[in-house]
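1. Quick check, what structure comes out for this input:
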Amino acid sequence: MRKKLSLLLLAFLLLCNPVFAGGLLGEDGPSEWAVEEIDKGVGVGLIPEDMLADFHKTINREEFCVLSIRLIEVNYKKSIDAVLRDKGLEKAPSDTFVDCSNPSVLAAKALGITDGVGNRRFAPNATLTREQAAKFLSMTAKACDQNINSALPTFNDLNDIADWAKPYVAYVFYADVMKGVGNNTFAPKGTYERQQAFVTMFRLLKKINPAACVFQGGTCIDDENYGVEPPTVLNMDPEVEKLITYKPYEKSYKMTYEGSTSRKDKIKIDLYYDVSDINKPGSPIRTREDYRRASESSVSIYYDPADYTYIKFRTYLGQKPVEMPHFQGNKLDNKVLDPDEFESIKTDGEIVDISFDTLDGERVIYIKKFTQSYTFEYWYSIKYMRPIKVHYVKGDESIPNYFEYEYKMTNVEELESIDENLFDINKITL
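-> Numbering: from 1, shown residues only. Predicted structure coming up:
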């Protein structure tokens with residue numbers, strides 16, 4: 001079950017967050033042992049998107065503060081400013097340190113998670129050892145009102161652990177957040193990679209507040225039920241389902257979508273639907289979806305009824321284009337609303353609203369699904385049974401991992417034929 005879930009979430013991230021996908025599958029992606037917990041950490045908003053790269057690089061003090069504050073926000077489901085107010089605190093003044101004014105560092109200072117290194121310096125780029133990471137993790141737990149008192153384990157290299165670090169090593173060990181490195185040793189002076197920080201932050205959240213690990217209706221501590229919480233259909237017009245069939249649209253076309261994100265990125269999507277050989281026995285129906293925004297681009301090609309998708313993508317953050325082996329199933333963003341997709345929508349969210357609406361004077365099918373983490377809205381053309389407008393919101397503007405995008409079909413052109421090269425993944429350049 002665990003491997004299946006990891007692959008499903010990976011496929012979701014490839015399409016919804018190519019920045020993560022590029023980092024995950026690039027030359028410096030995370031180690032296999034770390035992928036599942038990093039997947040889940042991303043799913044609950046614990047790991048900032050702009051940190052999903054350089055997984056084997058040693059983490060620095062500033063980055064660890066960012067993760068600590070993010071964990072606190074996810075734990076309390078509040079912005080750090082609201083958490084500080086509830087505790088009768090406020091961020092340290094912006095001039096506390098001469099070399100760093102990051103708001104996360106100042107919040108961590110106020111919460112007692114970290115101090116400077118002397119002479120009003122924070123040393124934001126200084127890297128952490130394992131025993132220093134243990135202190136950061138323990139003090140983050142304490143900021144979440146956890147008792148961090150634990151008996152010290154009997155490591156073979158116990159004498160190598162600094163006296164000040166021993167209480168923190170004890171806590172993270174017995175909390176199952178950090179363990180040894182083999183042969184009953186802790187390696188306190190060893191380096192601490194970013195991927196290790198991501199994984200142990202997720203484990204700490206799981207220890208402190210398992211309920212905060214919710215992603216799409218599942219929980220991180222119950223893998224047998226992960227992601228399968230039954231949905232609530234808030235409203236469903238029975239007339240909608242009568243319109244949904246397996247019959248394909250009988251003409252090829254090209255749809256163009258345009259939109260933007262809350263990060264001021266422009267979105268451009270070109271979708272090609274090919275049924276030029278629909279009457280030829282065994283001929284596939286093919287859909288190609290080209291997605292582009294400032295930081296990444298991707299091409300996905302779906303073959304129906306063979307039911308597999310090829311994906312090629314790249315990010316413009318130093319990574320090379322990556323070509324994926326084919327995925328079983330339809331991994332397009334803008335799928336045809338057939339009975340299979342309709343059933344998937346009804347069971348994928350915690351709450352679903354399905355009705356008719358009007359968009360630009362056209363009667364459309366409106367579907368809204370939402371969970372604690374996100375909201376999706378789709379407006380489907382009844383003629384093409386494909387979305388002509390999509391709106392997505394994750395979180396709200398008061399939290400750091402807030403993200404929103406919207407795009408809308410701006411043009412559709414029916415075609416007599418489509419260039420075969422469009423569907424040859426090997427001939428696509430990004």
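2. Tell me the neighbouring strands of the longest strand seen in the chain, and mark each as parallel or antiparallel.
-> Using DSSP state E, we find that the single longest strand of the chain is strand 403-415. Each strand paired with strand 403-415, and its direction, by DSSP bridges: strand 252-261 (antiparallel), strand 387-394 (antiparallel).
3. residue boundaries of the strands in the stretch 251-400 of the chain?
-> Ranges of strands in the stretch 251-400 of the chain, per DSSP state E, counting those that start in this stretch, are 252-261, 266-274, 285-293, 296-304, 308-315, 322-323, 327-328, 351-359, 362-370, 374-381, 387-394.
4. which one of those strands lies closest to residue 42?
-> Checking the strands of the stretch 251-400 of the chain against residue 42 by C-beta to C-beta gives strand 387-394 as the closest, at 11.2 Å. Yep, even glycine has a C-beta here, placed from its N, CA and C like the rest.
5. Alpha carbons of the closest one, as CSV, please.
-> Provided in CSV are the C-alpha atoms of strand 387-394 (Å, rounded to 0.1, in the frame of the first residue of the first chain):
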residue,chain,number,x,y,z
PRO,A,387,-13.2,21.9,-18.5
ILE,A,388,-13.3,25.3,-20.0
LYS,A,389,-12.4,27.0,-16.7
VAL,A,390,-10.5,25.7,-13.7
HIS,A,391,-9.9,27.4,-10.3
TYR,A,392,-7.7,26.0,-7.6
VAL,A,393,-7.0,27.3,-4.1
LYS,A,394,-4.7,25.8,-1.5
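6. quick check: angle from it to strand 374-381?
-> 170 degrees (axes from the mean of the first three to the mean of the last three C-alpha atoms, to 10 degrees).
7. could you check the angle strand 362-370 makes with strand 387-394?
-> Inter-element angle recorded for strand 387-394 and strand 362-370: 20 degrees (by the same axes, to 10 degrees).
8. Name the residues that touch strand 387-394?
-> 45, 255, 257, 259, 333-334, 359, 364, 373-381, 401-409 (C-beta atoms under 8 Å, 6 or more residues apart in numbering).
9. and that strand, average pLDDT?
-> Mean pLDDT, computed over strand 387-394, is 93.
10. now do stretch 100-110
-> On average, stretch 100-110 scores 95.
11. Could you pull out the buried residues of it?
-> 100, 102, 103, 104, 105, 106, 107, 108, 109, 110 (16 or more other C-beta atoms under 10 Å).
12. from these, which is closest to residue 78?
-> Nearest to residue 78 out of the buried residues of stretch 100-110 is residue 107 (C-beta to C-beta; 12.3 Å).
13. about what we covered before: now render the buried residues of stretch 100-110 as a markdown table, adding distance to residue 351 and secondary structure.
-> Formatted as a markdown table, the buried residues of stretch 100-110 follow (distance: C-beta to C-beta, whole Å; DSSP: H, G, I helix; E, B strand; the rest coil):
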| residue | distance to residue 351 | secondary structure |
| --- | --- | --- |
| 100 | 42 | coil |
| 102 | 37 | coil |
| 103 | 33 | helix |
| 104 | 33 | helix |
| 105 | 38 | helix |
| 106 | 37 | helix |
| 107 | 33 | helix |
| 108 | 36 | helix |
| 109 | 40 | helix |
| 110 | 37 | helix |
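14. Between which two of these is the distance greatest?
-> Between any two of the buried residues of stretch 100-110 (C-beta to C-beta), the greatest distance is 14.1 Å, for 100 and 110.
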